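> sharing a sequence plus its predicted fold:
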Amino acid sequence: MRKLFRKLLVTISAVAVVSAVGFSTSVVAGSGSDLEQGKKLAFDKKKGNCLACHLIAGGDMAGNIAPPLVAMKARFPDIKTLKAQISDARVKNPNTIMPPFKPHGILTSGEIDKITAYIQSL
Amino acid sequence: MKITMTATIAALVFGLMPFTAVQASPADDVKAFQGFFAKKFKDTKFDDYINGIYSIDAASRKQWVEIEEFPPYELAVENGEELWNKPFANGKGFKDCFKGDVSAIRAKYPHYDDKADTIVTLESAINKCRTDNGEKPFKWKKGKIAEVSAYIAYQGRGQTIAVKMPSSDKELAWYNKGKNFFYAKRGQLNMACADCHVYNAGNFIRADRLSPALGHPSHFPVYRSKWGSMGTLHRRYGGCNKNIRAKPFKAQSDEYKALEYFQAIMSNGLKWNGPGARK
């Protein structure tokens, strides 16, 4: 059941990414190594640990507490909005379970920049 | 340090709770709390919430049922019985503190003690018996205290959780302390017990499926594979606090006593079924 759920979402995300690239005009911003670092930070249990709650393509055993992070460019065309969401999700939803990464010092501003670039590339 | 140790109890949190307003009586809270889970997990019978995550997760339940055939807590129950029967240096024993039938003990805790204005937990009563008789207290979270508790829990299986509902101002103060603790966000990760065990019960956090808070205290102490040993409810509370990078409180601190009191009241009507086995 759980496996199926994951497979399903991975498939959905693959489809979604393709279509997102379809309607975005620019090529993925940032150097490959920055995106790589962003991905590492996002997956690291001691850093972003985004997989605890979000499904992200390429990540193992993701949780299902939160919306899957797919087609991000289409949904967050403005990187500032995305960074704000990742920095402090409480601004949009005061009762959110998503940790306040910036104000609680879980991630530095530089780390959030890298994660944001990576997430937007999804 | 940016880690916030103190909890922020936003009025908003209460606004968004699937429960009645702050002024609600404990009886209203119990009704709302149990009703919330009844609606969320339609296939789970009320009595089954004593089985934690297995009450809502058929896949892992099968494995657990197999484990229960050779229960990993069996040795603890046996050791606990020995300790129960072993006289202290002064010739007295646990039987002199906990009078009456052993099977009736478990269901007497937690309760509010008027004279001391505190919540008496089973573990606190076990150690009080020792110190009253000139013995050293056991360590609080695991080992002998969990063994004696496991023996008493085992003997008391099937009794109903029936914590007296708080009514005096002092009782209500303890109740509200526990309730606030349960709904307050804390720690660097800023999460409340309710975030995981109410709103997201049944969801996966990474590979772990979250148990419903209803029934949480029923099966403690618990043998946990991850610990490789038995632990008390307050040991588990400490673990869940650490996971969200909050400073855990001491076992049997007023905070955890109040939390246990609140959780047991929310579970009123279920059956005691300790000790338990969990992942």
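Yes, it's here.

> kindly report the residues of the stretch 101-250 of chain B close to chain A.
B:188-191, B:195-196, B:199-200, B:203-207 (CB under 8 Å from any CB of the partner chain). To be clear about C-beta, it is placed using only N, CA and C from the backbone, and glycine gets the same treatment.

> of these, grab the buried ones for ChimeraX.
A single ChimeraX command is used to select the members of those judged buried by 16 or more other CB atoms under 10 Å in any protein chain shown:
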select /B:188,189,190,191,195,196,199,200,203,204,205,206
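
> from the residues of the stretch 101-250 of chain B next to chain A, which one has the minimum pLDDT?
Lowest pLDDT among these: residue B:207, with 92.

> tell me the contacts of the residue lying closest to it once chain neighbours are set aside?
Spatial nearest neighbour of residue B:207, excluding adjacent residues (CB to CB, 6 or more residues apart in numbering or on different chains): residue A:61 at 4.4 Å. For residue A:61, the contacting residues are A:51, B:206, B:207, by CB atoms under 8 Å, 6 or more residues apart in numbering or on different chains.

> nearest to chain B: which residue in chain A?
Nearest residue of chain A to chain B, counting by CB to the nearest CB: residue A:105, 3.2 Å away.

> that residue against residue B:189, yeah?
No - assessed by CB atoms under 8 Å, residue A:105 is found out of contact with residue B:189, at 11.3 Å.

> list the buried residues for the helix or strand where residue B:259 lies?
When elements are assigned from DSSP states H and E, residue B:259 belongs to helix B:254-266. For helix B:254-266, burial by neighbour count (16+ other CB under 10 Å) applies to B:255, B:256, B:257, B:258, B:259, B:260, B:261, B:262, B:263, B:264, B:265, B:266.

> following the chain onward from that helix, which element is next?
strand B:276-278.

> following the worst-scoring helix or strand of chain A on mean pLDDT, which helix or strand shows up next?
In chain A, the helix or strand scored least confidently by mean pLDDT, DSSP states H and E is helix A:2-23, which has a mean of 41. Scanning forward in sequence from helix A:2-23 by DSSP H and E, the next helix or strand is helix A:32-43.

> that next one - contacts with which helices or strands?
Judged by 3 or more CB pairs under 8 Å, 6 or more residues apart in numbering or on different chains; DSSP states H and E, the packing partners of helix A:32-43 are helix A:109-120.

> give me the most central residue, chain B.
residue B:217 (3.0 Å; CA atoms, centre = their mean).

> how about that one, secondary structure?
Classification of residue B:217 by DSSP: H, G, I helix; E, B strand; the rest coil places it in helix.

> flag every residue of chain A that's near chain B.
A:1-2, A:49, A:51-53, A:61-65, A:90, A:94-95, A:97, A:99-100, A:103-106.

> about what we covered before: so how far is the helix holding residue B:259 from its chain's centroid?
Distance of helix B:254-266 from the chain centroid (CA atoms, centre = their mean, to the nearest Å) equals 7 Å.

> tell me what that helix is packed against?
helix B:26-40, strand B:118-120, helix B:169-183, helix B:233-243.

> I'd like the ones you listed as CSV, with distance to residue B:69 and mean pLDDT appended.
Compiled in CSV, the helices and strands packed on helix B:254-266 are given as follows (distance: least, CB to CB, whole Å; pLDDT from 0 to 100):
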stretch, distance to residue B:69, mean pLDDT
helix B:26-40, 28, 97
strand B:118-120, 35, 98
helix B:169-183, 34, 97
helix B:233-243, 24, 97
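
> same list, those, but as JSON lines with mean neighbour count and distance to residue B:93 please.
Below are these laid out as JSON lines (neighbours: other CB atoms under 10 Å in any protein chain shown; distance: least, CB to CB, whole Å):
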{"stretch": "helix B:26-40", "mean neighbour count": "17", "distance to residue B:93": "36"}
{"stretch": "strand B:118-120", "mean neighbour count": "21", "distance to residue B:93": "19"}
{"stretch": "helix B:169-183", "mean neighbour count": "18", "distance to residue B:93": "30"}
{"stretch": "helix B:233-243", "mean neighbour count": "20", "distance to residue B:93": "24"}
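
> to residue A:82, which of the ones you listed lies closest?
Between residue A:82 and the helices and strands packed on helix B:254-266, the shortest gap by CB to CB is with helix B:233-243, which sits at 27.0 Å.
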